[in-house]
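K.L.:
no sequence on this one, just coordinates:
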Ligand SMILES: Nc1ncnc2c1ncn2[C@@H]1O[C@H](COP(=O)(O)OP(=O)(O)OP(=O)(O)O)[C@@H](O)[C@H]1O
């Protein structure tokens, strides 16, 4: 194969791709550090016309390319993409039309892209909605979920997730920030969790200050970020904070998805000029997607790429755009923004079938023309000449996480502190967490009243015990629904940057809610216990409080686990409520007597925590209880008789039941971690 011959003969010692490997790469899967890549999708489609034609056009002399032979300085094409095609699977239609039963159809999102990007340059990818800009950024950042064909490499290394986590930072379209934290706190916690653990706090503070100044955030450094309810920094400043977060680790590549969306033109221009400075003065490779940049923004760019239907219509200097398009028959009227004009001619108008056909044909012709253009050929030459280039900093590329990552304890401590600050700064959250559960007490007591000692009080006692063991986990559920989703969003973003694991995040979350579970459930249990007049033994009271605390904590842990499975709050709430109700029916014996329950259901009840908590509180309440039989001479019932009949082992199993409840808390933490790991992180935008 021509391309193989062309690419043979040179090697770059520490690269994933030596030139020999590059040749092999065109046929086989690439090797990384001597091993076959696990990335099943990296194989170049040799039928890929553009890549093959363009490589074939370069002299196949078995040595290097003409630029190298001529001894010319080689432009370092740090990031190169050759013949990239990206396909996702899609199930068209709605679920109620049974689409989940149909086989997913492949959908080509990017087609045969060959591009180069250099450090020190600001490049904008433009194109109408759905043209593939975000998908291309996802592929470069190693986050693409679909099937990839072609080569995406950075300094001869395949762009996988690990490499990109080290070298690149990706600023997503949506700002995911905690509204209660100040700008400085947001950056400091991120720096503590992201930068090498060897850095002292002093150095971290200086780094944070430097980034604050670089992004022009000094005037809002101590302001809260704010959100829907709390007023905070402006939208443009939030964008700057998101970028600042990604600049903390000083990435070589900065990818930004629609950084200017939602900003006014002045703020957008200011932001792009900062990005241009990062590229020109900071030497970074900056690549951003923009819908339709204004002419003043275009003037700040070093390169512009136009995508249409996943294909490349143009990639070059903005100043070369008009001559190029004029050369292929598309002139730009005077005083018009060339970018607007050429976006229009390359866009596909999908409103009417006839119009779609015509515009699609035109866009296709423009893309085909570009693939054979001198501009595209220059890119191919840059890639091939770059194969012989040895990057001085190549050894800095390590395949996985370095040893200087912050310690587990530092990350855990930061997460815990950040969650606590977030909670304590929201007054409604603190008040809600502490007082929502005790607010149940008046309702329970109004309906049941103060317990007497008549036989009829058995029913009332069971009602109160049932309410106590059901209200506590439900309150955990409502707290989780209200407060967990914003932290989960942050978790998704930070974990996709490889900052910490699900186990660390969930442990920190469960630890930070524990004091609230203790305080809230203790107030609830104390009021209920003494106002309703349950067994006045102090040990029994202590055990009742402990059960309520454990159930409150368990309820929130259970809800969080379900939220790891379902991303919808509605579905999570419904599922958790159903689990608690089923558990109440099956395992307590308070709604349906075990005596009449089918054996299968009775056995099922053993898996629910309510089985054990109910046994504890019922034994507590009925042991030693004497009923007032003065008006009923037939009455021979005592609390112990009741226990012997309905909960025969409850008293002697009390320690075992407490141990099992403790075991459930550990078990649910492990289960939550497994659920979060199994579901993974959604592709965020
Ligand atoms: N995982 C996926 N499943 C189904 N379709 C997908 C997937 N990823 C991308 N696509 C489709 O690929 C096309 C390109 O999407 P992409 O988000 O990259 O476009 P874009 O140019 O960034 O659009 P916008 O500017 O609106 O964000 C769209 O039609 C989109 O629906």
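P.N.:
Received it, and whenever you're ready, just let me know what you need. Owing to the predicted nature of the structure, the values given are computational and were not obtained by experimental measurement.
K.L.:
how much space between the residue nearest the centre of the chain and residue 681?
P.N.:
Compute the mean C-alpha point of the chain, and by Cα atoms, centre = their mean the closest residue is residue 492, 2.1 Å away. Plainly put, residue 492 is 5 Å away from residue 681 if you go by Cβ to Cβ, to the nearest Å. For the C-beta atoms, the positions are set from N, CA and C on the backbone; glycine is no exception.
K.L.:
With residue 481 instead?
P.N.:
21 Å.
K.L.:
Over to residue 483?
P.N.:
20 Å.
K.L.:
out of the two, which sits in the busier spot?
P.N.:
More crowded of residue 483 and residue 681, by other Cβ atoms under 10 Å: residue 483, with 19 against 16.
K.L.:
what's near enough to touch that one?
P.N.:
By Cβ atoms under 8 Å, 6 or more residues apart in numbering, the contact list for residue 483 reads 423, 429, 433.
K.L.:
let's see it at 7 Å
P.N.:
When contacts are counted by Cβ atoms under 7 Å, 6 or more residues apart in numbering, residue 483 touches residue 429.
K.L.:
can you tell me the helix or strand for it?
P.N.:
helix 457-496 (DSSP states H and E).
K.L.:
Please state the mean pLDDT value computed over that helix.
P.N.:
In this model, helix 457-496 has a mean pLDDT of 90.
K.L.:
in it, what counts as buried?
P.N.:
Neighbour counts over helix 457-496 (16 or more other Cβ atoms under 10 Å) mark 457-458, 460-481, 483-484, 486-488, 490-496 as buried.
K.L.:
Please pull up the helix or strand immediately following it.
P.N.:
Next element after helix 457-496 (DSSP H and E): helix 502-532.
K.L.:
Show me what counts as buried in the very next helix or strand once past that next one.
P.N.:
The helix or strand immediately downstream of helix 502-532 is helix 538-565, counting by DSSP H and E. Residues of helix 538-565 classed as buried by neighbour count (16+ other Cβ under 10 Å): 540-541, 543-564.
K.L.:
now the angle between helix 502-532 and helix 538-565, please.
P.N.:
Here the directions of helix 538-565 and helix 502-532 differ by 140 degrees (axes from the mean of the first three to the mean of the last three Cα atoms, to 10 degrees).
K.L.:
So that it lines up with my notes, have the first residue be 48 from now on.
P.N.:
Got it, the first residue is 48 from now on, which makes the last one we talked about helix 585-612.
K.L.:
How far does helix 585-612 sit from its chain's centre?
P.N.:
28 Å (Cα atoms, centre = their mean, to the nearest Å).
K.L.:
avg pLDDT for that helix?
P.N.:
On average, helix 585-612 scores 94.
K.L.:
likewise stretch 214-229?
P.N.:
On average, stretch 214-229 scores 89.
K.L.:
Stretch 555-566 too?
P.N.:
96.
K.L.:
mind listing what's buried in it?
P.N.:
Those would be 555, 556, 557, 559, 560, 563, 564, 565, 566, for stretch 555-566 by 16+ other Cβ under 10 Å.
K.L.:
pretty sure the fourth one is in contact with residue 463, am I right?
P.N.:
Yes. A contact is recorded between residue 559 and residue 463 when judged using Cβ atoms under 7 Å, the distance being 5.7 Å.
K.L.:
Tell me where this structure has strands.
P.N.:
Ranges of strands in the chain, per DSSP state E, are 78-79, 82-83, 126-137, 152-164, 169-173, 194-201, 204-205, 215-218, 300-304, 332-337, 350-355, 358-363.
K.L.:
Give me the contacts around the last one.
P.N.:
The contact list for strand 358-363 (Cβ under 7 Å, 6+ apart) reads 158, 160, 162, 350, 352-354, 368, 371, 389, 393, 410, 413-414, 417, 422.
K.L.:
Now, of those residues, which are buried?
P.N.:
158, 160, 162, 350, 352-354, 368, 371, 389, 393, 410, 413-414, 417.
K.L.:
now, which of those sits nearest the ligand?
P.N.:
residue 354 (6.7 Å; Cβ to the nearest ligand atom).
K.L.:
That closest one and residue 177 touch, don't they?
P.N.:
No. In this structure residue 354 lies outside contact range of residue 177 using Cβ under 7 Å: 9.8 Å.
K.L.:
Tell me where the stretch 348-497 of the chain has helices.
P.N.:
368-374, 385-393, 400-418, 421-433, 455-471, 474-482, 487-495 (DSSP state H, counting those that start in this stretch).
K.L.:
returning to that earlier point: filter the contacts of strand 358-363 by proximity to the ligand?
P.N.:
The subset of those within reach of the ligand, by Cβ under 6 Å from any ligand atom, is empty.
K.L.:
Can you tell me which of these is closest to residue 305?
P.N.:
Taking Cβ to Cβ as the measure, residue 305 lies nearest residue 354 of these, at 13.5 Å.
K.L.:
burial of residue 282, as a residue count?
P.N.:
13.
K.L.:
Test my guess that it contacts residue 310.
P.N.:
Yes. Using Cβ under 7 Å, residue 282 is in contact with residue 310, at 6.3 Å.
K.L.:
What's the separation between the residue nearest to residue 518 when sequence neighbours are not counted and residue 237?
P.N.:
Distances taken as Cβ to Cβ, 6 or more residues apart in numbering place residue 487 nearest to residue 518, at 4.9 Å, with adjacent residues excluded. Remark: distance between residue 487 and residue 237 (Cβ to Cβ) = 39 Å.
K.L.:
who has more neighbours, the two?
P.N.:
Comparing residue 487 with residue 237 by neighbour count (other Cβ under 10 Å), the higher total belongs to residue 237, at 23 against 19.
K.L.:
correct me, but that one touches residue 292?
P.N.:
Yes. Here residue 237 reaches residue 292: they are 5.1 Å apart, a contact under Cβ under 7 Å.
K.L.:
Surely residue 193 touches residue 132?
P.N.:
No. Residue 193 is beyond contact range of residue 132, at 10.0 Å (criterion: Cβ under 7 Å).
K.L.:
how many neighbours does residue 149 have?
P.N.:
Under the criterion other Cβ under 10 Å, the count of neighbours that residue 149 has is 11.
K.L.:
That one contacts residue 138, correct?
P.N.:
Yes. With contacts counted by Cβ under 7 Å, residue 149 reaches residue 138, the gap being 5.9 Å.
K.L.:
And for residue 369, the neighbour number?
P.N.:
Residue 369: 16 neighbours (other Cβ under 10 Å).
K.L.:
again, but for residue 408
P.N.:
Neighbours of residue 408 (other Cβ under 10 Å): 11.
K.L.:
Quick check: it vs the ligand, distance?
P.N.:
19 Å (Cβ to the nearest ligand atom, to the nearest Å).
K.L.:
Can you give me every residue that contacts that residue?
P.N.:
Here residue 408 is in contact with no residue (Cβ under 7 Å, 6+ apart).
K.L.:
Please determine how far it is located from residue 379.
P.N.:
From residue 408 to residue 379 the distance is 21 Å (Cβ to Cβ).
K.L.:
Show me which residues of the stretch 198-347 of the chain are close to the ligand?
P.N.:
336, 338.
K.L.:
And the helices in the stretch 198-347 of the chain?
P.N.:
208-214, 230-241, 248-261, 282-294, 312-327, 342-345.
K.L.:
of all the ones you listed, which has the lowest average per-residue confidence?
P.N.:
Among the helices of the stretch 198-347 of the chain, helix 208-214 scores lowest, with a mean of 81.
K.L.:
Can you list the buried residues in it?
P.N.:
209, 210, 211, 212, 213, 214.
K.L.:
can you pull the contacts of the third one?
P.N.:
This means residue 211. 188, 189.
K.L.:
now it: how far from the ligand?
P.N.:
17 Å.
K.L.:
do the last one as well
P.N.:
When distances are taken as Cβ to the nearest ligand atom, residue 214 and the ligand turn out to be 22 Å apart.
K.L.:
Equivalent analysis for the fifth one, please.
P.N.:
With distances taken as Cβ to the nearest ligand atom, residue 213 is found 24 Å from the ligand.
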